[in-house]
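Peer 1: Structure, please.
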Amino acid sequence: MPPNPRIGSHDHATLSRFDPLSRIICLDDFDRGFCGWTQLVGNYEDDLDAMLPGYAQHSSPMLSTIGNWDSGSHGGVDGDYVLKIATPPRAGAQNVAIKRLTFRQPGPIRLEAYVTFKPEASELRLSETDIRSFGFLFDLQGSDQAGPGSERVMPHVRFLNASDGKHVQKWQFKRQAVPIVPIGTDNKTISHYHLAPDGWEDLEGGEQRLCYNEIPTKINWHYLRFDFDLAAMQCTHFQCNDRVFDVSGFDSLRIPAMKNLWCMLNIAFFAETDTDKRAFLYLDSVCLSGDF
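Peer 2: Numbers count the residues shown, from 1 in each chain. Below you'll find the model as predicted:
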């Protein structure tokens, strides 16, 4: 890809560690701030208490230097700040950060990111099974010109690290729809908590042992790549570090299209804790690219 004079040297360094498609939709390095990532707020109408409980637990992501008590601050891959997604300190609690976009043309897209995960380092032990899972999802909907049968399509991927204190270490996906709940009385708003713990399926050959360093404050960054075709609404590639996984059996959660979400292209990352301790998912940088 030829150099773009409007891209600074730091952005070129960030981009060089990704393998983007021909068009960069966004290149988010959190040394530059939040880059449009925000809290996933649940739908409500008239009263905040109308929000489903799954969403009510969410809080805003934070910019972090990954501070800790033994070495000060860890920082990111090549800078000071990362995006930190932190759960409440309650077993099974979750938190989600989201970026909300729309697409200009339904074609191939590629999500790439450098991520790492740790529980809060509140004990002098490794705590490698304290995080239940982390993962990412898209929330997609076709054009308003798509015609009858248009769908809202939500590919979900998670790394199930542990369950009830036992190491699991495998990738999963979710296609089981969840109940849709009306919100308010004006027939304009509905909600569904699609990150509920049930309905996850194992990805074929999805077992993977990720790098998890030897003390509670050490981290190592992991590379993720997920390719998706917006025209076919199908996943075409999933990779973590050196492993490329078989996605022939992968499918997405699908529900009827909603009347005000046309051309939606939302990305989200999430974390879930397995103990009464906060779980942290850190994003160093995220690149979304497309071929259109």
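Peer 1: Show me the strands in the stretch 51-200 of the chain, by range?
Peer 2: 62-64, 67-68, 72-73, 82-86, 94-102, 108-119, 131-141, 151-154, 156-163, 166-174, 181-183, 189-191, 200-207 (DSSP state E, counting those that start in this stretch).
Peer 1: between the fourth one and strand 131-141, how many degrees?
Peer 2: It refers to strand 82-86. Relative orientation of strand 82-86 and strand 131-141, computed by axes from the mean of the first three to the mean of the last three Cα atoms, to 10 degrees: 110 degrees.
Peer 1: Now do strand 82-86: everything it contacts.
Peer 2: For strand 82-86, contacts defined as Cβ atoms under 8 Å, 6 or more residues apart in numbering pick out 30, 34, 37, 59, 61-66, 75-76, 95-97, 120, 269-271, 278-284. (Glycine included, C-beta is placed from N, CA and C.)
Peer 1: before we move on, back to that, want to try CSV for the strands of the stretch 51-200 of the chain, with distance to residue 224 as columns?
Peer 2: Supplementary listing: the strands of the stretch 51-200 of the chain in CSV, determined by distance: least, Cβ to Cβ, whole Å:
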stretch, distance to residue 224
strand 62-64, 19
strand 67-68, 24
strand 72-73, 24
strand 82-86, 14
strand 94-102, 15
strand 108-119, 5
strand 131-141, 7
strand 151-154, 18
strand 156-163, 9
strand 166-174, 10
strand 181-183, 31
strand 189-191, 28
strand 200-207, 13
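Peer 1: Show me what the helix or strand residue 25 falls within pairs with in its sheet, parallel or antiparallel.
Peer 2: Here residue 25, judged by DSSP states H and E, is contained in strand 23-29. Within its sheet, strand 23-29 is paired with strand 279-290 (antiparallel), according to DSSP bridges.
Peer 1: Does anything pack onto the longest helix anywhere in the chain? Which helices or strands?
Peer 2: Counting residues, the longest helix found in the chain (DSSP state H) is helix 9-16. Under the contact criterion of 3 or more Cβ pairs under 8 Å, 6 or more residues apart in numbering; DSSP states H and E, helix 9-16 touches strand 23-29, strand 279-290.
Peer 1: Export those strands as TSV, with columns for mean neighbour count.
Peer 2: Shown next, in TSV, are these (neighbours: other Cβ atoms under 10 Å):
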stretch	mean neighbour count
strand 23-29	18
strand 279-290	24
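Peer 1: closest one to residue 148 among the ones you listed?
Peer 2: For these, the distance to residue 148 is smallest for strand 279-290, at 26.3 Å, taking Cβ to Cβ.
Peer 1: Figure out which of the strands of the stretch 51-200 of the chain is closest to residue 292.
Peer 2: Counting by Cβ to Cβ, residue 292 lies closest to strand 108-119 out of the strands of the stretch 51-200 of the chain; the figure is 7.7 Å.
Peer 1: so how far is the closest one from its chain's centroid?
Peer 2: Centroid separation between strand 108-119 and its chain, computed with Cα atoms, centre = their mean, to the nearest Å, is 7 Å.
Peer 1: now do stretch 259-274
Peer 2: With Cα atoms, centre = their mean, you get 8 Å for stretch 259-274.
Peer 1: mind listing what's buried in that stretch?
Peer 2: Counting neighbours by 16 or more other Cβ atoms under 10 Å, one finds that the buried residues in stretch 259-274 are 263, 264, 265, 266, 267, 268, 269, 270, 271, 272, 273, 274.
Peer 1: what is the mean pLDDT for the next helix or strand after the strand holding residue 25?
Peer 2: From strand 23-29 onward toward the C-terminus, using DSSP H and E, the following helix or strand is strand 38-39. Taken as a whole, strand 38-39 has a mean pLDDT of 96.
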